[in-house]
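K.L.:
A structural model of the following input is requested.
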Amino acid sequence: MYDLTTKSVPKTLFFFALPILIGNLFQQCYNIADSIIVGNFLGTQALAAVGFCFQFHLILIALSMGLTLGISILISRFFGEKTTSHIRSMIDTGFLFSLILSICVTIIGICISPLLVRIFFVPSDTISMSTTYLRILFAGSVPIFLYNTLTNILRGLGDSKRPVYYLAFASLLNIALDLLFVKVLSLGIAGAAIATLLSQLFCFIGVLLSIQKNYPDFHIRIRHLTLDSALLKNALKIGIPSMIQQLLRSIGFLSLQGMVNSFGSSVMAAYTATQKIDSFALLPNLNLGQALSNFTAQNRGAKQLKRTRLGFFSGLIMGWCITIAISCIVIPLAPQIMSFFSANEDVIAIGAGYIRIVSTFYFVETAMQILNGFLLGYEKPFMPMISTIVSLLIVQVPIAFFLSKYTFFSYTGIWIAAPFGWGSGVAIRLFYFVKTLRENKQSN
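P.N.:
As a prediction, this is how the structure comes out:
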């Protein structure tokens, strides 16, 4: 366990966030490796199918991370308050709840995969591959949910390092299995999906064994798992709005994906590649926001409110420095970066256009994630949820639809809409941020 309520604020936040970033970088690397291997060995249609299914992968992660975020935030607060018995009960409750939920998601997801493929206007040349990949993806729901639950438990305890070790190895394992199943054994797109499933299973088992070995007071007691209804209710008060926020983001992105799909396989493949690039480039923002939520919750529990404010501004400055550097790299190298994903000149040109437009405004997305982390640390999940509804579903998606369907921008209009969504998201979160600071100042 690690105390986030002492020592230098920037240093503490940075070294807590760094392992989260490294771990997720490895995860993004194997997601990108999936796309590169599939795109080069199976073709444009297979790459497009992986891109479509990746949105549902994000939904699974959104469900698991959103629901277990409440568990993590409460554990952080209990740690700051030094209430060990509540931590023990929260761990048992969170693990059992995630296990039950993930089994339900597995069964439902496998059954409705063919329906999902048709609902979102997947081109006819990718329907079969998309259905296959999607079913295998849903079959891996249990390890995805339980791994994210255990990771959030450790983060609540101030430990962001241990999951990185297993995620790093799993990333290398995924790449090796991708090459084995796709190139050597010729299992097609199913091979890529199976490789990802096995890697996620390894992550879950590794983190579980690590907790059993290194945290004797908090190890998972399979035979004695119980649901504490009061704690679960409090966790879900944070987790459900966060889950809804993540699901709304996924629904919004699926709506954008549906618009992209209507322009054919080349645009679809280019968009798939750029989403991988975005996921990689924007990762520091997301991870700083995640780290800030636990940092804020621990310090709030310890009544160190000044440190929560210093944590916010430290995170924002760090995020902007990293994001501006990334933008300066990806904008001039856009065609070269796209060439890693496809040799098709149309795909490269379309993707490079996206990168030049969207990456210019990465710094806006940074502010949105840091504000999000601060508000979650103060257990105010409804504020980011409302902001997501407005910024994505009321601003970005309608603008993308209008520009792509009714103007000369065509599919480029979808790219142009992104900065408008981010900007509105920052404005709303900033309003709630100032309101939260005033409320805490008055309470003191």
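K.L.:
show me where the stretch 301-444 of the chain has helices.
P.N.:
Secondary structure of the stretch 301-444 of the chain (DSSP state H, counting those that start in this stretch): helices at 305-330, 334-339, 345-358, 362-377, 382-388, 397-406, 412-443.
K.L.:
name the helices or strands packed onto the second one?
P.N.:
Taking 3 or more C-beta pairs under 8 Å, 6 or more residues apart in numbering; DSSP states H and E as the contact definition, the neighbouring helices and strands of helix 334-339 are helix 265-281, helix 345-358. Quick note: C-beta positions are derived from backbone N, CA and C, even for glycine.
K.L.:
kindly recompute the last result at 6 Å.
P.N.:
Using 3 or more C-beta pairs under 6 Å, 6 or more residues apart in numbering; DSSP states H and E, the elements in contact with helix 334-339 are helix 345-358.
K.L.:
give the buried residues for the helix it packs on.
P.N.:
Of all the residues in helix 345-358, those buried under the rule 16 or more other C-beta atoms under 10 Å are Val347, Ile348, Ile350, Gly351, Ala352, Gly353, Tyr354, Ile355, Ile357, Val358.
K.L.:
pick the most buried one from the helices of the stretch 301-444 of the chain.
P.N.:
Using mean count of other C-beta atoms under 10 Å, the stretch among the helices of the stretch 301-444 of the chain with the largest mean neighbour count is helix 362-377, at a mean of 25.
K.L.:
CA atoms only for that one, dumped as PDB, please.
P.N.:
C-alpha atoms of helix 362-377 as PDB (Å, rounded to 0.1, in the frame of the first residue of the first chain):
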ATOM      1  CA  TYR A 362      -5.300  17.200 -28.200                       C
ATOM      2  CA  PHE A 363      -4.500  19.800 -25.600                       C
ATOM      3  CA  VAL A 364      -8.300  20.500 -25.200                       C
ATOM      4  CA  GLU A 365      -8.900  16.800 -24.500                       C
ATOM      5  CA  THR A 366      -6.200  16.900 -21.900                       C
ATOM      6  CA  ALA A 367      -8.000  19.500 -19.900                       C
ATOM      7  CA  MET A 368     -11.200  17.500 -20.100                       C
ATOM      8  CA  GLN A 369      -9.600  14.300 -18.700                       C
ATOM      9  CA  ILE A 370      -7.900  16.200 -15.800                       C
ATOM     10  CA  LEU A 371     -11.100  17.900 -14.800                       C
ATOM     11  CA  ASN A 372     -12.800  14.600 -15.000                       C
ATOM     12  CA  GLY A 373     -10.300  12.900 -12.600                       C
ATOM     13  CA  PHE A 374     -10.600  15.700 -10.100                       C
ATOM     14  CA  LEU A 375     -14.400  15.600 -10.000                       C
ATOM     15  CA  LEU A 376     -14.500  11.800  -9.600                       C
ATOM     16  CA  GLY A 377     -12.000  12.100  -6.700                       C
END
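K.L.:
how far does it sit from the chain's center?
P.N.:
14 Å (C-alpha atoms, centre = their mean, to the nearest Å).
K.L.:
name the residues that touch stretch 91-103?
P.N.:
The contact list for stretch 91-103 (C-beta atoms under 6 Å, 6 or more residues apart in numbering) reads 71, 141-142, 145-146, 149, 153, 218, 220, 225-228, 231-232.
K.L.:
how about 7 Å then?
P.N.:
Contact partners of stretch 91-103, identified using C-beta atoms under 7 Å, 6 or more residues apart in numbering, comprise 64, 67-68, 71, 141-142, 145-146, 149, 153, 218, 220-221, 225-228, 231-232, 235.
K.L.:
by how many degrees do the longest helix seen in the chain and helix 265-281 diverge?
P.N.:
Across the chain, the longest stretch assigned as helix under DSSP state H is helix 44-81. Angle, helix 44-81 to helix 265-281, by axes from the mean of the first three to the mean of the last three C-alpha atoms, to 10 degrees: 20 degrees.
K.L.:
and Asp217, how many neighbours does it have?
P.N.:
Residues lying near Asp217 (other C-beta atoms under 10 Å) number 9.
K.L.:
dump the helices of the stretch 301-444 of the chain to CSV, plus distance to Asn40 and mean pLDDT.
P.N.:
Shown next, in CSV, are those (distance: least, C-beta to C-beta, whole Å; pLDDT from 0 to 100):
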stretch, distance to Asn40, mean pLDDT
helix 305-330, 21, 93
helix 334-339, 11, 93
helix 345-358, 12, 93
helix 362-377, 27, 93
helix 382-388, 35, 87
helix 397-406, 29, 94
helix 412-443, 25, 90
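K.L.:
closest to Gly289 out of those?
P.N.:
Closest approach to Gly289 among the helices of the stretch 301-444 of the chain is made by helix 362-377 (3.4 Å; C-beta to C-beta).
K.L.:
list of residues touching that closest one?
P.N.:
69, 73, 242, 281-282, 285-286, 288-290, 292-293, 295-297, 300, 308, 312, 315-316, 319-320, 323-324, 326-327, 383-384, 419, 422-423, 425-426, 429-430, 432-433, 436.
K.L.:
same check on stretch 221-241?
P.N.:
Stretch 221-241 has contacts (C-beta under 7 Å, 6+ apart) with 66-71, 73-74, 89-90, 92-97, 379, 381-382, 385.
K.L.:
repeat that for stretch 246-266.
P.N.:
By C-beta under 7 Å, 6+ apart, stretch 246-266 touches 44-45, 48, 52, 55, 58-59, 62, 65-66, 120-123, 125, 267-268, 271, 344, 346-347, 350, 388-389, 392-393, 396-397, 400-401, 404, 411, 414.
K.L.:
out of those residues, which end up buried?
P.N.:
Burial by neighbour count, 16+ other C-beta under 10 Å: within the contacts of stretch 246-266 this picks out 44-45, 48, 52, 55, 58-59, 62, 65-66, 120, 122-123, 267-268, 271, 344, 347, 350, 388-389, 392-393, 396-397, 400-401, 404, 411, 414.
K.L.:
Lys213: which element?
P.N.:
Lys213 belongs to helix 188-214 when elements are defined using DSSP states H and E.
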